[in-house]
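Colleague: the following block contains a protein sequence and its predicted model.
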Amino acid sequence: MPKLYLVRHAEPGITGVLLGRMDPALSEAGERQARESLSVLDVLIVYTSPLRRALETAQLIERARGIEVLEELTEVGLGAWDGLSWTEVERRDPDLARRKLEDWFGVTPPDGEPWAAVEKRVARALARIRQGEFPAAVVSHVGVNAELARQAAGADRAAFQQDYCQVEAYDISDR
């Protein structure tokens, strides 16, 4: 059975804001967290986002026999919202913030990436992952992992939640 582990990156050096495409390194606590919680993960390959918080997390999976960076696993681009707290988003444009909360996947931030584009690039990443060896892990971001879980295992992306360094396992043999 092809086992796919979806891992959210460890705690980044910047918290409390929407990171999107920002590229901070892991915090010291994040490095510790990854070393401790991912030491038991035994996979043949790790696919990772190129953003440092994910790549550094992937490099701390000691039992991985290889790492492959996939651009398609980059976090959702939030455009003008990158680096803002949700309070700042609401202050700048309360109507758009309200609409986003009502339809997270249908409303795109200014200069942000539409969810349809996320779906397409995640599908490309998943096609590449399916061609590889298993068990495999993906170290990415909560938005991308939610879409991967939907496409790979039929999970409800709107209900998907994942803490830093949390691992979700899926058998993807029948999809």
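Modeller: Nice, I can see it. Numbers count the residues shown, from 1 in each chain.

Colleague: who are the contact partners of the one residue sitting closest to the centre of the chain?
Modeller: The centroid of the chain falls nearest to His141 when counting by Cα atoms, centre = their mean (1.6 Å). Residues near His141 by Cβ atoms under 8 Å, 6 or more residues apart in numbering: Arg8, His9, Leu19, Ser49, Leu51, Ala54, Leu73, Thr74, Glu75, Val76. Where C-beta positions appear, they are placed from N, C-alpha and C, glycine not excepted.

Colleague: beta partners for Val138?
Modeller: Beta-bridge partners for Val138, by DSSP bridges, are Leu6, Tyr47.

Colleague: okay, it and Thr87: tell me how far apart.
Modeller: Separation of Val138 from Thr87 (Cβ to Cβ, to the nearest Å): 31 Å.

Colleague: which one of the two is surrounded by more residues?
Modeller: Comparing Val138 with Thr87 by other Cβ atoms under 10 Å, the one with more neighbours is Val138, at 28 against 11.

Colleague: that one contacts Tyr47, correct?
Modeller: Yes - counting by Cβ atoms under 8 Å, Tyr47 is a contact partner of Val138 at 4.9 Å.
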